[in-house]
Each structure stands twice: as structure tokens, then as C-alpha cells.
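Asker: return a 3D structure for these sequence lines:
(chains A and B)
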Amino acid sequence: MSLLVDVLRWFADPAHYQGSDAVQTRVIEHLSLSGLAVLVGLAVALPIGLGLGHTGRLAFIALNVANVGRALPSLALLAFALPLAISLGLGLGFWPTLFALVPLAIPPILTNAYVAVRNVDRDVIEAARGMGLSEPGILTRIELPLALPLIVVGARTATVNVIATATLGALVAGGGLGRYIVDGLALQEYDRLFAGALLVAVLAIAAEVGFGMFGHEAVPAGLREARPVL
Amino acid sequence: MSAGEPLIRWDWIAGHLDEFAQRLFEHVELTVIAVGLGFIVASALSLFILRLPRAEGPVTWVTGTLYTVPSLALFALLIPYTGLSILTAEIGLVSYTLLILIRNIVGGIRGVPADVREAAIGMGYTPRELLWRIELPLASAVIIAGVRVATISTIGLVTVTALIGQGGFGFLILIGIQRFFSTELIAGAVLSVALAISADGLLVLAQRRLTPWMHAA
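Answerer: Numbering: from 1, shown residues only, chains lettered A, B, ... in the order given. Take a look at the predicted model:
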């Protein structure tokens, strides 16, 4: 019980809202790093997933990339990213963490985009083709809107994973909320540790709930039965 | 990672095979306990859901929320109570297996065709026999698929438990990062990925053994 009081006192202490270790600074660092990783992931994975889904080629790769992604432990990704970032002269902190997060964001987005486009009713696409729509037109005006709900689910999985894993950036001298956890562990300051853990958990759950609401908005009435893959 | 130092020093690897074996044992131990306990808890909750479908919403909500909490955060939240112990690691690891396992156990059993079930009841199977001799064997492919996903993600998560003094191969990664020694961190990462792939392969073989009818020529 006294720990909860300590944590509340920690949150109430004005000193924790000033300087480079301020709560709002750490939250912004965490969100900007996570946001950038998801955006890069979307930029890489969405065109590939949509393209493979549209042509129906390389299904094996599109579906297995998700399994490979799950097999890559986040700490191992960070372990691979660190020597890479250092050999590129980018140093510690932000860049190695970003390098570790992007491969984590790609698999769920790619696989969901692929499955979403494949799931679009072939009759609808035949009809669109018969009405004279070009192939890019079919992709952007038929397949993309119908695939959107599943794509949002993929982006949600990617975002929650990335927010969770961005915590590990503190191990390579990065910022973000992982700082509180790693420093709290090292200094045995359990109020700080607990506060950091609580903030990350809240961010991850908020992302999950937020995307859930957005995903609901994105669902056209006829698509309620579509099921996510991840 | 200092200048002139090769990315991988093979002589260091050759001199540390004993430590690798010990870390492998730890990693496998943490994983087997987590997936084993997770499977027992998930089976109990699944049977409960199958008996009482109203329980599905709350159980899914709780396990889903646990699944969303970042691993490092969950371990950190437990430390004040259970310390830097194997118990802290296992509570976290077991929690993460539940959502995946329950989804597959319930989904697998619900996926058994209704006419198969009716035929069995018509032949005089009791509910217990129906579960053990009809539903579970037919659901085993889906259930093992869940065990595969749970095992792979647990092997990955075990590396994170290095931060709370456990970790198996994760210990090598963490020490490698702290000492700035690329050989050790890459060895830890490669070995944990290799372990995940091998475990997945073993489970695929187990599934072929358990469901021979799915692979008949």
C-alpha cells in the first residue's frame, strides 16, 4: 500500500515535471520515437502489402513475414541494431532504437494489408474492371477502402508493439519512458520504476483503445464480419 | 565496438561454449515452465468459457489487457512485490501466453463440426468422452498452432527478463550492450532466434505425429 502512496507522491512532485527528465518530456520522446517508427513501417510495409495483395503474388512471403516477425525478439533486434547504428556513425539512443522498432512494425502491417486486399470480393473487382477502372484505380478506389478496417488493425498491432518495445531504448542510452524503468531498476527507486511502468502501460492501452475506435469508424457497413489476422 | 575490434570474435565464442550451454538450459527452463503453466491455466479458463459462454467477454478483456501491457513494464510493476526472482519472470511470461492459448483452445473446440458432435452423442458418448476422444483430437491442430505462437513469443520475451536477473540468452545480449561488446550481444541474439526456430520446428513435428489424419496421402 505504501508503494502506491509513494507512486502518487512521485507523480505529485513538481520536480518530476522539470528539466530533461520531466514526465512530459519523456512521454513526448516516447511518442515521437514510436510514431516515427510506425510511420516508417507504414511507408515500407503498406505499398508492399497492398501490391502483393492486388496481384496475389508471393503469398508465401506475405503471410510468413508475420511469423518471422514474431520470432525476432525485441531485445535481439536492439542487439542487431546497436552495432549497425554505431558503424554508421549515428551513435547511441534514438537511432539504434528506431532501427530496432521499424522491423517490429512491418510484419503486422504487411500481413494485414495483404490479407485485407485478398479478402475483397473478387466479383466486386471484376465489376469494377468491367466498368473500365484501371488497375491503379481498382487498388485505390475499390480495394483500399474495403481493406481499410483490417489495415487499421495491422497498424494498431504494430503501434502497441512499438510503444511497448520503445521502452528498451533506455538500455542503449535512449530517452522515453524506459528511462524511468531502467534507472529505477538500477537505483532501486521503486516509485520511479513503478511510475514509468504505469505510464508505458497506459500509453499502450490508450493506443489499443484509440485505434479500436478509429477502426470502428473505418468499417463500411458490409464488412462487419471481416476478421483480423493478428 | 571500439575501432579495430572485429564484429565477431570467434575465439571468444569458442571459449564460452560452456556458458552458452548454461544459458540455453536457463532459457529452455523459463520457456517450458511458462508455456506449461500457461497451458494449464488457459485450459481451465477455456473449459470454463465453453461451459459458460457469458464468461468469454470478461476473460478475453482481462487476458487482452495483460497482453497489451509492455513486458518490461509488467516485470517492473511486479518487482516491488516479488523482487528480482524467477517468480516475477514467470508471472509475466505466463500472463502473455494466456490470450493466445485461450483463443486457440476455445476456437479449436468450437470449430469441431456440429454433425460430428451429434454423431458422437448419438453413439452414446458421455460429455467427458466427447471432449477427450472427439473434440480435443479434432481441435489439436488449432491448439498446437496456438502453442507454437505462445512458445515463439515466450522465447523472445525470456530475453527481456535479463533485466530482472533471469534471461537465458538475453543475459548475453544485456551484458553485451553494457560492455559494448558486439560478439556477446550478437551471439545472444542469434542463439535466441535459433532456439525459437528450433522449438517451432519441433512443435510442427509433434503436430504431425498427433494429427496423422491431416497428412494422409
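Asker: for the closest residue to residue B:157 other than its chain neighbours, which residues are in contact?
Answerer: In space, and not counting its chain neighbours, residue B:157 is closest to residue B:71: 5.3 Å by CB to CB, 6 or more residues apart in numbering or on different chains. Heads up, the C-betas are built off the backbone N, CA and C, glycines and all. Each residue near residue B:71 by CB atoms under 8 Å, 6 or more residues apart in numbering or on different chains is listed here: A:164, B:92, B:96, B:157, B:160.
Asker: let's have these in TSV, adding pLDDT, secondary structure and distance to residue B:167.
Answerer: Output for those, formatted as TSV (pLDDT from 0 to 100; DSSP: H, G, I helix; E, B strand; the rest coil; distance: CB to CB, whole Å):
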residue	pLDDT	secondary structure	distance to residue B:167
A:164	86	helix	18
B:92	91	helix	12
B:96	89	helix	15
B:157	89	helix	10
B:160	87	helix	8
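Asker: which two from those end up farthest apart in space?
Answerer: Across these, no pair lies farther apart than A:164 and B:92, at 12.2 Å, counting by CB to CB.
Asker: what's the neighbour count on the spatially closest residue to residue A:19 that is not a sequence neighbour?
Answerer: Nearest residue to residue A:19, sequence neighbours excluded (CB to CB, 6+ apart): residue A:25, at 7.9 Å. The local packing of residue A:25 (other CB atoms under 10 Å in any protein chain shown) involves 16 other residues.
Asker: so where does residue A:25 fall, helix or strand?
Answerer: helix A:23-55 (DSSP states H and E).
Asker: go through that helix and flag the buried ones.
Answerer: Residues of helix A:23-55 classed as buried: A:23, A:25-27, A:29-31, A:33-34, A:37-38, A:40-42, A:44-46, A:48-54 (neighbour count, 16 or more other CB atoms under 10 Å in any protein chain shown).
Asker: what does stretch B:178-194 give?
Answerer: Buried-residue list, stretch B:178-194, by 16+ other CB under 10 Å: B:181-193.
Asker: now, which of those sits nearest residue A:145?
Answerer: When the buried residues of stretch B:178-194 are ranked by distance to residue A:145 (CB to CB), residue B:193 comes first, at 37.8 Å.
Asker: let me know the secondary structure of that closest one.
Answerer: Under DSSP: H, G, I helix; E, B strand; the rest coil, residue B:193 falls in the helix class.
Asker: that one and residue B:149, how far apart?
Answerer: Distance of residue B:193 to residue B:149, computed by CB to CB, to the nearest Å: 16 Å.
Asker: the spatially most central residue of chain A sits in which helix or strand?
Answerer: In chain A, the centroid-proximal residue (CA atoms, centre = their mean) is residue A:159; its distance is 2.2 Å. Element membership for residue A:159, per DSSP H and E: helix A:144-165.
Asker: CA atoms only for that helix, dumped as CSV, please.
Answerer: The C-alpha trace of helix A:144-165 is given here as CSV (Å, rounded to 0.1, in the frame of the first residue of the first chain):
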residue,chain,number,x,y,z
LEU,A,144,-8.1,0.2,-50.4
PRO,A,145,-11.4,1.4,-48.8
LEU,A,146,-12.7,-2.1,-48.4
ALA,A,147,-9.4,-3.2,-46.9
LEU,A,148,-9.1,-0.2,-44.5
PRO,A,149,-10.6,-1.8,-41.4
LEU,A,150,-8.1,-4.7,-41.4
ILE,A,151,-5.2,-2.3,-42.3
VAL,A,152,-6.1,-0.3,-39.2
VAL,A,153,-6.0,-3.5,-37.1
GLY,A,154,-2.5,-4.1,-38.5
ALA,A,155,-1.4,-0.6,-37.7
ARG,A,156,-2.8,-1.0,-34.2
THR,A,157,-0.9,-4.2,-33.5
ALA,A,158,2.3,-2.5,-34.8
THR,A,159,1.7,0.6,-32.7
VAL,A,160,1.1,-1.2,-29.5
ASN,A,161,4.2,-3.5,-30.1
VAL,A,162,6.3,-0.4,-30.9
ILE,A,163,5.2,1.6,-27.8
ALA,A,164,5.9,-1.4,-25.6
THR,A,165,9.3,-2.0,-27.1
